[in-house]
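Q: coordinates for the following, if possible.
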Amino acid sequence: MSEKAMTAGFGQTIVVGYSEPIHSRQFPTFDAFASRVQKEWDCQWKRVYSSKLEGRSLLQIKHQALNPKQLPVPIC
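A: Just a heads-up that it's a prediction; the model follows:
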């Protein structure tokens, strides 16, 4: 996987992280909102990049179903 080129190939395991939605209306200023988003980003980054792959279930992409014009890619 290459973040710089924004590409990933088959046979690669990509761990992702998500947070609960962070709504700007819940913060008194943009700076407070941006600070909270950065804090969550840092937390997810650390969690994802220190994640152990053992015991995780993997999604399987149907290779025959791939179509460059079809987004998102169907998964089994």
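Q: quick check: closest non-adjacent residue to the residue most central in space within the chain.
A: Nearest residue to the geometric centre of the chain (Cα atoms, centre = their mean): Val16, 3.8 Å. Excluding the flanking residues, the one nearest Val16 by Cβ to Cβ, 6 or more residues apart in numbering is Val48, at 6.6 Å. To be clear about C-beta, it is placed using only N, CA and C from the backbone, and glycine gets the same treatment.
Q: my read: that neighbour touches Gly17, true?
A: Yes. Counting by Cβ atoms under 8 Å, Val48 sits close enough to Gly17 to count as a contact (4.3 Å).
Q: can I get the CA coordinates of stretch 17-25 in CSV?
A: Extracted C-alpha coordinates of stretch 17-25, given in CSV (Å, rounded to 0.1, in the frame of the first residue of the first chain):
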residue,chain,number,x,y,z
GLY,A,17,-9.9,3.1,12.1
TYR,A,18,-13.1,5.0,12.6
SER,A,19,-14.4,7.3,15.3
GLU,A,20,-17.9,8.5,16.2
PRO,A,21,-18.9,11.5,14.1
ILE,A,22,-17.6,14.8,15.4
HIS,A,23,-20.0,17.6,14.7
SER,A,24,-18.8,21.2,14.5
ARG,A,25,-22.0,22.5,16.1
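Q: rounded mean pLDDT for that stretch, please.
A: Across stretch 17-25, the average pLDDT comes to 91.
Q: how about the helices in the protein?
A: 30-49 (DSSP state H).
Q: so where's this structure uncertain?
A: Along the chain, the parts satisfying pLDDT under 70 run over 1, 58-76.
Q: hmm, 50 instead?
A: Residues of the chain that meet the criterion pLDDT under 50 lie in 73-76.
Q: how far away is Gly17 from Cys43?
A: 8 Å (Cβ to Cβ, to the nearest Å).
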